[in-house]
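>>> need a 3D model of the sequence below.
(one chain, ligands or ions: 1)
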Amino acid sequence: MRTRPLKVALLGCGVVGSEVTRIITTQSADLAARIGAPIELAGIAVRRPNRVREGVPAELLTTDATALVKRGDLDVVVEVIGGIEPVRTLITTAFEHGASVVSANKALLAADGASLHAQAAEHGVDLYYEAAVAGAIPLIRPLRESLAGDKVNRVLGIVNGTTNFILDKMDTTGAGYSEALDEATALGYAEADPTADVEGFDAAAKAAILAGIAFHTRVTIDDVHREGLTEVTAADIASAKKMGCTVKLLAICERARDGRSVTARVHPAMIPLSHPLASVRGAYNAVFVEAEAAGRLMFYGPGAGGAPTASAVLGDLVAACRNKLAATTGAGESAYTQLPVSPMGDVVTRYHISLDVADKPGVLAQVATVFAEHDVSIDTVRQQGRSQGLGGDTNDGAADAPGGAGRLREGGEASLVVVTHRAPDAALSATVASLRTLDTVRGVASIMRVEGE
Ligand code: HSE
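Numbering: from 1, shown residues only. Predicted coordinates:
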């Protein structure tokens, strides 16, 4: 084994950085044996050096991150600060001074991954970021290396633990969104400002990274259609249950059937309870990868937290150190297909639409005609009566019944729940716009896609 150590600098020492430091210092002998040379922590850049950080050597702390990455003797820089700047500049500087970079920064990779990969290649160093997507779950390396000989057609997953916790809570307790969010905040899953999670930005960044690697093309966060879960109601969850489904915030990356384009999207969707993603509970993540030769693969585990994220960082650190020792680099960016990213309107899927309608003869036919006019085929229709005098009675199947027992009293209001066959999103949007113009449609209560069938 080489005795001269590989020098590693750490940018950021919060929850993840402290855990990375702890593993590097407490497992140094094992890491050295696996790499073939010891690791030496050369410095740790932090904003608040006086904060108590158990197990972190105080003499390594510095507030001058720029000077640290400019030292010129670093082998690897580990970045766990997050955000775009100053991190982008620090990483660029690290590359220029010959260091490989291990990053957990999904926002930066999803915004500017192509340029960072190009800079790493130019300077003959590595850029690794397993921890940027789904915490501890090995996903980037399997997609980039293990599946490099296969053709991935679809990546479908739960990549945000906070929102999965909220939806799981709503599903299991009947709680509304705000109540479930409050619990997620109290338990430390949701940040004080939960926008990145609940509005889907975090999942969209991860979807962009996954789509680019899976389809060997370039996808940025701006290419990802994004809808958060703030509009999901307890009624949506109850409606999903009636269909034998649950609601999940999904990241879905697909290659078009003709192979000429890809799509990437994040939105809440109903999935059948029989689908393996339906049983992903709490703050866990899980990702389905569908490849032509491999078939369907599922990756499951903790998607956030200090220790799980540090595990992914350490895996990358060992790989980057091994490459440094061998004076080589690992696989870089593969974007040769140059597939365009199609807009959401081209996505073909199924829909669950809940309408508030006048409860009188001919309304169902009117609604069905609008669907037909837009070439959207209806799979099932369910009517839930809310007619005055019926006390919120539910009357499943009554929509098609020509009077008789259980028929709702005319002149009131009812909820119509329509589930469609597969149709383009643009056709569905046009259908909903037309439905809104009908006098008999008092409102569109919810529209949710149905996936995983
Ligand atoms: N906030 C993310 C989550 C973890 O809840 O999954 C970091 O990406």
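
>>> got the contact list for His87?
Actually, residue 87 is Val. It isn't His. Leu11, Glu79, Ile81, Ser103, Asn105, Leu108 (CB atoms under 8 Å, 6 or more residues apart in numbering). Just so you know, the C-beta spots here come from the backbone N, C-alpha and C atoms, and that holds for glycine as well.

>>> please disregard the earlier target; I meant Val367.
Shown in contact with Val367 (CB under 8 Å, 6+ apart): Leu355, Val357, Leu416, Val418, Leu435, Leu438, Thr440, Val441.

>>> can we see that at 6 Å?
Neighbour list for Val367: empty [criterion: CB atoms under 6 Å, 6 or more residues apart in numbering].

>>> likewise for the one 3 residues further on?
Contact criterion CB under 6 Å, 6+ apart gives Thr431, Ser434, Leu435 as the residues in contact with Val370.

>>> circling back to that earlier point, now pLDDT, distance to Glu54 and neighbour count too, for the contacts of Val87, in CSV please.
Output for the contacts of Val87, formatted as CSV (pLDDT from 0 to 100; distance: CB to CB, whole Å; neighbours: other CB atoms under 10 Å):
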residue, pLDDT, distance to Glu54, neighbour count
Leu11, 98, 20, 26
Glu79, 98, 22, 27
Ile81, 96, 20, 22
Ser103, 98, 24, 26
Asn105, 97, 25, 27
Leu108, 98, 28, 23
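
>>> against Leu250, how distant is Thr172?
19 Å (CB to CB, to the nearest Å).

>>> higher neighbour count, these two?
Leu250 (24 against 13; other CB atoms under 10 Å).

>>> could you look up the SS state of the more buried one?
Put simply, Leu250 is strand when judged by DSSP: H, G, I helix; E, B strand; the rest coil.

>>> quick one: contacts for it?
Ala269, Glu451.

>>> which residues touch Ala286?
Per CB under 6 Å, 6+ apart, neighbours of Ala286: Gly157, Ile158, Leu277, Val280, Tyr300.

>>> near the ligand, which residues of the protein show up?
With CB under 6 Å from any ligand atom as the criterion, the chain comes near the ligand at residues Asn160, Gly161, Thr162, Asp197, Asp202, Gly303, Ala304.

>>> quick check: the first one touching Phe201?
No. Applying CB atoms under 6 Å, one finds Asn160 not in contact with Phe201, separated by 9.5 Å.

>>> which of the two has more neighbours?
Asn160 (32 against 20).

>>> which residue packs closest to the more buried one, ignoring adjacent ones?
Excluding the flanking residues, the one nearest Asn160 by CB to CB, 6 or more residues apart in numbering is Ala203, at 4.4 Å.

>>> take the contacts of Ala286 and keep only those in strands.
Gly157, Ile158, Tyr300 (DSSP state E).

>>> out of the residues you listed, which end up buried?
For the ones in strands among the contacts of Ala286, a burial check counting by 16 or more other CB atoms under 10 Å picks out Gly157, Ile158, Tyr300.

>>> and those residues, which is closest to the ligand?
Nearest to the ligand, judged by CB to the nearest ligand atom, of those is Ile158 at 9.0 Å.

>>> mind exporting stretch 316-330 as CSV, just the C-alpha atoms?
Provided in CSV are the C-alpha atoms of stretch 316-330 (Å, rounded to 0.1, in the frame of the first residue of the first chain):
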residue,chain,number,x,y,z
ASP,A,316,-17.9,8.2,-4.6
LEU,A,317,-14.8,9.3,-2.5
VAL,A,318,-13.4,5.8,-2.6
ALA,A,319,-13.9,5.5,-6.3
ALA,A,320,-12.4,9.0,-7.0
CYS,A,321,-9.4,8.1,-4.7
ARG,A,322,-8.8,4.8,-6.5
ASN,A,323,-8.8,6.6,-9.9
LYS,A,324,-6.3,9.1,-8.6
LEU,A,325,-4.0,6.4,-7.5
ALA,A,326,-4.3,4.6,-10.9
ALA,A,327,-3.9,8.0,-12.6
THR,A,328,-7.1,7.5,-14.5
THR,A,329,-10.7,8.7,-14.4
GLY,A,330,-14.1,6.9,-14.3
